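Enquirer: next comes the sequence, and after it the predicted model I'd like to discuss.
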Amino acid sequence: MADAPRGYATDSGLVEAKDAAAPVFYYAALLAAGSVAAIWETAVRQPSMYLDPGGGPPRYIATLATLAGAALGWFVSVRRRRAGGQHDRLAWLLVAASLPAGASAPLWFLAFREPILFCLAAVLAPAATAAAVAAALVTARHALQPAAALDVFGQALRPLRLVASLTVLAALAASTTLLGLIRSACLVGMALAVCAMWTPTLCTFLGTRRPHARTSVAHAALVALVGNAAAFVASARWVGLSEPLAFVHDIAFAHTGRAQRLVITSGQKGFALFLDGQLKVSTVDEQRYYEALVHPAMAVASYRERVAVLGAGDGFAEREILRYPDVRHVTVVVADRTLADLARRSPWLRARSHDSMLSPRVHVIEEEPIVWLMQETEAAEPEFDVVVVDLPDPRSYVEAKSYSRYFYRRLARRLAPGGIASVQATSAFRSPTTFATIEATIREAPLFTLTYRAPISLLGEWGFVLASRRQVEPPRIAPAGLTFLDDASMAQLFQVASDTHPTQAVEANTLYRAPIVEIFAREQHAQAP
């Protein structure tokens with residue numbers, strides 16, 4: 001070992017002063033941690049995030065791809081074991097492993113709204129990573145064989161070194177939650193690239209490689225390291241550095257549209273959709289929310305040929321509306337069509353919404369709902385038999401304008417003589433005064449109102465208001481084939497609990513005076529843990 005690289009132990013009497021096995025130990029620890037992390041990310045974490053909630057290929061496809069890739073990598077490495085050049089081959093294999101490991105999460109992220117790419121990601125990411133990692137580990141066993149004489153295993157049993165190594169590995173594992181899915185994958189890719197850069201130097205130290213041998217593998221490893229580091233930094237354009245901390249589960253997809261920030265998280269075998277940080281829909285209970293939002297209004301409407309949906313555009317309200325064969329035209333008005341476009345392309349949303357956004361009966365208009373209601377020409381706009389209002393809660397004065405007396409007056413002008421509107425009105429239990437303010441404002445439109453509540457798993461008891469130009473009776477019959485509502489539960493929606501009444505007098509919300517914002521903020525603060 002006389003030609004060992006700078007900083008390594010030599011055979012010139014300094015072996016006792018410098019730990020000859022230390023470089024091999026740290027290299028082996030980094031290689032093992034990077035390999036395990038790469039397989040975990042691509043074969044377990046990412047498929048469970050994207051495939052378990054459904055909407056794409058089954059989870060076992062990724063498992064089979066991982067096993068097939070590992071078998072292929074092992075077979076090829078064993079067949080080429082006697083060909084020589086193990087040290088350079090090991091470095092190249094580590095470069096090959098760092099690329100799919102680092103690119104796997106960005107691939108899943110970008111493929112979320114593309115069905116074909118989504119299926120390819122489920123196969124290519126785990127298969128390519130497993131093949132390269134398996135081949136690298138088999139090759140490393142022979143390329144690093146001279147290290148057996150250095151008692152590397154004994155180094156791992158030294159208490160301080162063992163504790164320090166475990167602490168570092170545990171910190172890196174815990175940081176994956178803080179970093180988010182994309183940056184975690186890039187970090188794994190960087191670790192494997194560092195191993196690839198280290199391999200020629202370590203093999204020279206062990207005497208399995210000629211000193212100063214020229215090779216391009218170091219440059220390739222450097223390119224892989226820089227590429228993963230660049231992806232790590234660039235990922236902030238998709239997911240902010242602090243954004244993963246704002247959500248309980250990992251972020252599977254995010255996009256900033258013209259008027260809103262859309263984030264989809266994945267956890268407990270389900271997706272959750274957030275708009276501007278506010279939970280909009282979850283796989284756990286979306287059927288409860290949208291069945292309660294749509295079907296009471298559809299049940300009491302005199303006609304259902306023309307229906308308008310104000311807000312969202314995720315396809316779930318449209319799915320419930322299209323259950324009725326007499327619906328001929330559905331107009332969806334959204335301030336930002338990002339979600340509506342995603343609902344037409346994403347495998348998850350398409351599967352959950354039954355491709356409702358692709359129906360020829362559904363037409364999307366990108367416009368602020370209140371602006372759309374204001375737009376009237378000499379040729380009168382079509383009157384709607386049913387209008388479903390599913391707009392964000394009045395957290396600010398921007399959202400509050402869609403809860404104003406002016407908004408509901410314009411809405412009333414769009415209703416057919418026998419038409420009816422269904423309005424989501426926040427939680428009648430957690431924010432009863434806000435709920436009462438919305439109802440009082442609708443009455444000044446002037447419209448008749450009929451309130452009801454529905455138990456939603458993640459949102460709690462949620463309130464809705466039916467608004468019409470005529471007095472309506474609570475519906476008694478629910479359509480067949482629903483998941484949540486039947487005749488009995490439909491009647492229970494309209495049984496008002498005594499603890500959902502406001503504790504103070506309320507006034508109507510207007511464009512110029514919006515007390516609903518302060519009321520809602522106060523009630524949300526009172527309910528905060």
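Expert: Alright, I've got the coordinates.
Enquirer: bridging residues for the residue nearest to V389 when sequence neighbours are not counted?
Expert: Excluding the flanking residues, the one nearest V389 by C-beta to C-beta, 6 or more residues apart in numbering is V423, at 4.4 Å. C-beta: built from backbone N, CA, C; applies to glycine. On the basis of DSSP bridges, V423 is bridged to V389, V465.
Enquirer: I'd like to know how many residues surround V423.
Expert: For V423, the count of nearby residues is 28 (other C-beta atoms under 10 Å).
Enquirer: distance of G69 relative to A97?
Expert: Distance from G69 to A97, counting by C-beta to C-beta, to the nearest Å: 11 Å.
Enquirer: which residues do these two both contact?
Expert: Shared contacts of G69 and A97 (C-beta atoms under 8 Å, 6 or more residues apart in numbering): T129.
Enquirer: all the helices of the stretch 251-400 of the chain, residue numbers only.
Expert: 286-300, 316-321, 338-345, 347-352, 369-374, 397-400 (DSSP state H, counting those that start in this stretch).
Enquirer: tell me which of those is the most buried.
Expert: helix 316-321 (a mean of 26; mean count of other C-beta atoms under 10 Å).
Enquirer: what packs against it?
Expert: On a contact count with 3 or more C-beta pairs under 8 Å, 6 or more residues apart in numbering; DSSP states H and E, helix 316-321 meets helix 286-300, strand 306-310, strand 329-334, strand 384-389.
Enquirer: residues touching the shortest one, excluding its own?
Expert: To tie it back to what came earlier, the one meant is strand 306-310. Taking C-beta under 8 Å, 6+ apart as the rule, strand 306-310 contacts 317-318, 321, 327-333, 369, 372, 382-391, 402, 414, 416.
Enquirer: how much space between the closest residue to A416 other than its chain neighbours and L466?
Expert: Closest residue to A416 apart from its sequence neighbours, by C-beta to C-beta, 6+ apart: E383 at 4.1 Å. Note on E383: its distance to L466, by C-beta to C-beta, is 18 Å.
Enquirer: and what of L415?
Expert: Distance from L415 to L466, by C-beta to C-beta: 12 Å.
Enquirer: intersection of neighbour lists for these two?
Expert: Residues touching both L415 and L466 (C-beta under 8 Å, 6+ apart) are A421.
Enquirer: give me the number of residues near A246?
Expert: Around A246 there are 12 other residues, counting by other C-beta under 10 Å.
Enquirer: so who does the residue nearest to it when sequence neighbours are not counted touch?
Expert: Leaving aside its sequence neighbours, A246 sits nearest to G277 (C-beta to C-beta, 6+ apart; 6.7 Å). Going by C-beta under 8 Å, 6+ apart, G277 touches A246, R261, V263.
Enquirer: adding pLDDT, write the residues you listed out as CSV.
Expert: Shown next, in CSV, are the contacts of G277 (pLDDT from 0 to 100):
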residue, pLDDT
A246, 88
R261, 91
V263, 94
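Enquirer: domain boundaries for this protein, per the record?
Expert: 22-239, 244-279, 284-527 (automatic domain parsing).
Enquirer: looking at the helices of the stretch 251-400 of the chain, which is nearest to S457?
Expert: helix 286-300 (6.9 Å; C-beta to C-beta).
Enquirer: okay, now the unreliable bits of the stretch 401-529 of the chain?
Expert: 497-505, 527-529 (pLDDT under 70).
Enquirer: and for the chain?
Expert: For the chain, the stretches with pLDDT under 70 are 1-21, 80-87, 145-166, 168-177, 206-215, 376-381, 497-505, 527-529.
Enquirer: can you map out the strands along it?
Expert: For the chain, the strands defined by DSSP state E cover 250-256, 261-267, 270-275, 278-282, 306-310, 329-334, 362-366, 384-389, 415-424, 448-456, 460-468.
Enquirer: how about the fourth one as CSV, C-alpha atoms only?
Expert: I take that to be strand 278-282. Provided in CSV are the C-alpha atoms of strand 278-282 (Å, rounded to 0.1, in the frame of the first residue of the first chain):
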residue,chain,number,x,y,z
GLN,A,278,-57.3,24.3,2.5
LEU,A,279,-58.5,20.6,2.4
LYS,A,280,-60.8,20.3,-0.5
VAL,A,281,-61.4,16.6,-0.9
SER,A,282,-60.0,13.3,0.4
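Enquirer: could you tell me the angle between that strand and strand 261-267?
Expert: 50 degrees (axes from the mean of the first three to the mean of the last three C-alpha atoms, to 10 degrees).
Enquirer: need the contact partners of strand 278-282.
Expert: 270-274, 289-290, 312, 314, 316, 392-393, 395, 457-459.
Enquirer: mark which of these are buried, thanks.
Expert: Neighbour-count burial (16 or more other C-beta atoms under 10 Å) applied to the contacts of strand 278-282 gives 270-274, 289-290, 312, 314, 316, 392-393, 459.
Enquirer: so which of these is the closest to N509?
Expert: Nearest to N509 among the buried ones among the contacts of strand 278-282: D393, at 12.9 Å, using C-beta to C-beta.
Enquirer: hmm, R45 is touching I182, no?
Expert: No. Contact criterion C-beta atoms under 8 Å: R45 and I182 do not qualify, at 11.9 Å.
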